[in-house]
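**Student:** predicted model, plus sequence, below.
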Amino acid sequence: MLNFGRNRAQPRSNRPLSLGGMDYSDPKRKNNVVGKILLAATLTALCIIMLKQSPTFNSPSPFSLHEEGMTHVLVTGGAGYIGSHAAMRLLKDGYRVTIVDNLSRGNIGAVKVLQELFPEPGRLQFIYADLGDPKTVNIIFQQNAFDAVMHFAAVAYVGESTMNPLK
Ligand SMILES: NC(=O)c1ccc[n+]([C@@H]2O[C@H](COP(=O)([O-])OP(=O)(O)OC[C@H]3O[C@@H](n4cnc5c(N)ncnc54)[C@H](O)[C@@H]3O)[C@@H](O)[C@H]2O)c1
């Protein structure tokens, strides 16, 4: 006959309290565990305090705000031939530039050169994104305050533009 009743080898009061495989009945181990929890909590609190004190924690990105005297230009296809030169010209002339490119054709090296030439915060940001995705485009426009758009993103080689004009 099957016996579904519990067969207690030890009385309840003598069994050690086991949680997650740890034996909490031993006071030394209990202290050790409490110490570790306290240490983890203290470290977490310290991390939060340090993060909150960092200058970028609460301040919004300069790219998300319109700033008087600063024109923010979205350069699509800015990793490409024409777009990267346009971005360079804009940056040299003091504009704030956001490049959006999916790197399907362009060269991330061109963007890196621009980032090295204009490292100041709020001058140049690069967003890796596909402009063929309307949701992504909406998010980019929600999160950034553009004053102008220069649209160079394209699949524009002569051969393919005649072979597959709708791409
Ligand atoms: N190169 C020329 O001499 C020339 C002359 C006149 C006009 N144009 C026009 O300028 C534009 C750019 O030409 P280019 O020579 O710089 O081309 P390019 O291929 O060098 O640059 C196009 C950029 O667009 C990006 N891109 C393509 N599809 C994308 C997408 N869905 N989302 C995000 N990024 C995307 C590519 O990754 C690439 O970096 C085209 O419309 C072209 O017809 C070019």
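**Tutor:** Alright, I've got the coordinates.

**Student:** average pLDDT for stretch 137-151, rounded please.
**Tutor:** Along stretch 137-151, the predicted confidence averages to a pLDDT of 98.

**Student:** what comes up buried for that stretch?
**Tutor:** Buried residues in stretch 137-151, defined by neighbour count with 16 or more other C-beta atoms under 10 Å: 140, 144, 145, 150. For the C-beta atoms, the positions are set from N, CA and C on the backbone; glycine is no exception.

**Student:** a markdown table for those, including secondary structure and distance to the ligand?
**Tutor:** Converted to a markdown table, these look like this (DSSP: H, G, I helix; E, B strand; the rest coil; distance: C-beta to the nearest ligand atom, whole Å):
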| residue | secondary structure | distance to the ligand |
| --- | --- | --- |
| 140 | helix | 10 |
| 144 | coil | 15 |
| 145 | coil | 20 |
| 150 | strand | 10 |
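
**Student:** part of a helix, is residue 110?
**Tutor:** Yes - the assignment for residue 110 by DSSP: H, G, I helix; E, B strand; the rest coil puts it in a helix.

**Student:** quick one on the thing from earlier: name the nearest of the buried residues of stretch 137-151 relative to residue 119.
**Tutor:** Of all the buried residues of stretch 137-151, residue 144 has the smallest distance to residue 119: 19.4 Å, by C-beta to C-beta.

**Student:** spit out the contact partners of the closest one.
**Tutor:** By C-beta atoms under 8 Å, 6 or more residues apart in numbering, the contact list for residue 144 reads 63, 64, 72, 74, 98.

**Student:** mind checking the SS state of the last one?
**Tutor:** Looking back up the chat, that one is residue 98. Under three-state DSSP, residue 98 falls in the strand class.

**Student:** and the end-to-end length of stretch 46-59?
**Tutor:** 20 Å (C-alpha to C-alpha, to the nearest Å).

**Student:** what mean pLDDT does that stretch get?
**Tutor:** On average, stretch 46-59 scores 65.

**Student:** ditto for stretch 27-35
**Tutor:** Per-region confidence: stretch 27-35 scores 77 on mean pLDDT.

**Student:** now do that stretch: distance to the chain's middle.
**Tutor:** Here stretch 27-35 is found 39 Å from its chain centre; the criterion is C-alpha atoms, centre = their mean, to the nearest Å.

**Student:** and if you look at stretch 96-109?
**Tutor:** Counting by C-alpha atoms, centre = their mean, stretch 96-109 is centred 17 Å from the centre of its parent chain.

**Student:** for the residue nearest the centre of the chain, list the residues it contacts.
**Tutor:** What sits nearest the mean C-alpha location of the chain, by C-alpha atoms, centre = their mean, is residue 127, with 10.4 Å. Applying C-beta under 8 Å, 6+ apart, one finds that residue 127 lies in contact with 98, 99, 100, 101, 140.
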